[in-house]
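**Student:** All I have is the shape, not the residue letters:
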């Protein structure tokens, strides 16, 4: 029996609803994932090493799983991702040891690898089944608004729950993770109920396509390395991610740790992390908006360089300040510049990519970020344990400034292109 066709309007409604149910729970714990293991007795180095497992898993699985949804169907892969996410939340709720937190991070990494792409692909395919070639940009932009709003709302609710602390028998940080587990179950139920797709079955052909996708991963890596060897501009852009990721460890991972030190404990910090994170997303959006204005005045590459330098300096200042208000102010400044750099970096990547290799270029850039973050975070954790959190933050922020030099090949290329355009106009 043929499955009922989903209209574009209904597909958009499902797409935005599942985007909300996917990301609202993330907002609940986005600032607490670092604090929870510290509250439960892990050292900074142990907490960051356990968390880094997630990045390594995504790094390893991103390419092998990229074709699973195409081969096996968007719905079954997305259901599997949602189910794994329920398991990750359950382990986080019960974890009290390094290995338990490492397992939770491993499950989170598997979830993120499987979750990347199937819902968006389902939406676009469903719309195009009724209206071939239909414009989906507005819906994708609307999803960005929903995701940002969901995370911000979740962060605010989380801060309120930790501050309220209604169940005194349990630590204050436990309740957001309990709610995470419940809402992840709700997301799984929503996926099962709302996501409709024609039955295709997991036949031998689909299994072979999935296996082929996994086998193609080494080929894609080889092709990506070949691109980097041939294109110095692209090599510089990908290397920027190394230094950017080092700064991210400061303003995403060390910020809650330093805040806990300044306010007197993880539970007090947990009540503040939510509202601070919500404000961070607001200034991130503001920084992204300012990027387009700045690029029209000084150019895309100069804007990217300026954002990289100011973001790195902000990370240094975060390590130098001695009070919670100053730390939050420095964090908001730094996160705003994080938002400014993203669109400019993406625009430069797309300049160097072509239709035949665009996915490879974007994957190589993403994989470099995951690998660097996962490698550097435990090392900075060890540095923090043996010296101080501030020393680790200042060191990472200072090193991240070197990323600005990696934009110089792109700047020279941009300048040469501008000169050629001027010469062609003058002829």
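**Tutor:** Looks like it arrived, so ask away. Predicted, not measured: the structure shown is a model, and the values here were computed from it. Residues are numbered from 1 along each chain as shown.

**Student:** show me the contacts for residue 367.
**Tutor:** With contacts defined as Cβ atoms under 8 Å, 6 or more residues apart in numbering, residue 367 is in contact with 59, 62-63. In this view, the C-beta of every residue, glycine as well, is placed from N, C-alpha and C.

**Student:** same thing but at 6 Å, please
**Tutor:** For residue 367, the contact set (Cβ atoms under 6 Å, 6 or more residues apart in numbering) comprises residue 59.

**Student:** Likewise for the one 10 residues further on?
**Tutor:** Remark: with contacts taken as Cβ under 6 Å, 6+ apart, residue 377 is in contact with 48, 52, 249.

**Student:** Hmm, residue 378 and the first one touching each other?
**Tutor:** Yes: counting by Cβ atoms under 6 Å, a contact exists between residue 48 and residue 378, whose distance comes to 5.2 Å.

**Student:** So for those two, which sits in the more crowded spot?
**Tutor:** Comparing residue 48 with residue 378 by other Cβ atoms under 10 Å, the one with more neighbours is residue 48, at 28 against 20.

**Student:** Show me what the helix or strand hosting the more buried one packs onto, helices and strands only.
**Tutor:** Element membership for residue 48 (DSSP states H and E) is helix 44-61. Packing partners of helix 44-61 (3 or more Cβ pairs under 6 Å, 6 or more residues apart in numbering; DSSP states H and E): helix 98-115, helix 358-386.

**Student:** The first one to helix 44-61, inter-axis angle?
**Tutor:** Our comparison of helix 98-115 with helix 44-61, counting by axes from the mean of the first three to the mean of the last three Cα atoms, to 10 degrees, yields an angle of 30 degrees.

**Student:** Same question for the helix or strand that helix 98-115 is followed by: list its buried residues.
**Tutor:** Next along the chain after helix 98-115, taking DSSP H and E as the criterion, comes helix 118-130. Neighbour counts over helix 118-130 (16 or more other Cβ atoms under 10 Å) mark 118-120, 122-124, 126-127 as buried.

**Student:** can you put those residues in a markdown table and add pLDDT and distance to residue 142?
**Tutor:** Converted to a markdown table, the buried residues of helix 118-130 look like this (pLDDT from 0 to 100; distance: Cβ to Cβ, whole Å):
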| residue | pLDDT | distance to residue 142 |
| --- | --- | --- |
| 118 | 84 | 19 |
| 119 | 86 | 14 |
| 120 | 82 | 12 |
| 122 | 86 | 16 |
| 123 | 84 | 11 |
| 124 | 81 | 14 |
| 126 | 85 | 16 |
| 127 | 84 | 13 |
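
**Student:** State the pair within those residues that is farthest apart.
**Tutor:** For the buried residues of helix 118-130, the farthest-apart pair by Cβ to Cβ is 118 and 127; their separation is 15.1 Å.

**Student:** where do the helices sit along the stretch 201-350 of the chain?
**Tutor:** Counting by DSSP state H, counting those that start in this stretch, the stretch 201-350 of the chain has helices at residues 204-215, 217-230, 232-248, 255-263, 266-298, 300-320, 324-352.

**Student:** on that earlier part again, list just the nearest of the buried residues of helix 118-130 to residue 10.
**Tutor:** residue 126 (8.5 Å).

**Student:** Quick check: chain neighbours aside, which residue is closest to that closest one?
**Tutor:** residue 11 (4.2 Å; Cβ to Cβ, 6 or more residues apart in numbering).

**Student:** For the helix or strand hosting that neighbour, list every residue counted as buried.
**Tutor:** Assigned by DSSP H and E, residue 11 falls within helix 8-29. Neighbour-count burial for helix 8-29, counted by 16+ other Cβ under 10 Å, picks out 8, 11-12, 14-16, 18-29.

**Student:** Likewise for stretch 337-346?
**Tutor:** 337-345.

**Student:** Tell me the one among these nearest to residue 269.
**Tutor:** residue 338 (20.6 Å).

**Student:** Report pLDDT for that closest one.
**Tutor:** pLDDT recorded at residue 338 is 93.

**Student:** In space, what's closest to it - neighbours in sequence excluded?
**Tutor:** Per Cβ to Cβ, 6+ apart, closest to residue 338 is residue 311, 5.7 Å.
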